[in-house]
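# coordinates only, no sequence provided:
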């Protein structure tokens, strides 16, 4: 069994094979001229500025992360009964203090 290509298909296949197998040698080095791989002082300055900016961003991020709570769960709700008892206890204490004060002042007056 031999594999033969029809004439309409053979020409594009052959042309594409020739294009793909070409070796660079026509003077185009793919953008790699004599200055390829060299940096300028301006590029170095930009790199240093980026590093400084990253350092400030990391510092800011750590400050913000310290303020984040350990858990985002809702705090447990206090029982309303306990709050009512605490308020009632405060009212009782407030009511007792003037009564004691009035009794001590009346004894002191006599």
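Received the coordinates, thanks. Computed from a prediction, not measured in an experiment: that's the story for all the values here.
# distance check, residue 8 against residue 36.
43 Å (Cβ to Cβ, to the nearest Å). Yep, even glycine has a C-beta here, placed from its N, CA and C like the rest.
# one more: residue 16?
Distance from residue 16 to residue 36, by Cβ to Cβ: 29 Å.
# for this protein, give me the ranges with low pLDDT.
Applying pLDDT under 70 to the chain picks out residues 1-3, 5, 7, 22-30, 78-110.
# so how many other residues sit close to residue 63?
9 (other Cβ atoms under 10 Å).
# cool, the one 10 residues further on as well?
A count of neighbours around residue 73, defined by other Cβ under 10 Å, yields 7.
# and it, what element?
Per DSSP states H and E: residue 73 is located in neither a helix nor a strand.
# cool, residue 63 as well?
helix 41-66.
# swap in residue 68?
Going by DSSP H and E, residue 68 is not in any helix or strand.
# just the helices from this protein, written as ranges.
Counting by DSSP state H, the segments of the chain that form helices are 7-20, 41-66, 80-109.
# and the gap between residue 58 and residue 48?
Residue 58 is 16 Å from residue 48, by Cβ to Cβ.
# okay then, goodbye and thanks.
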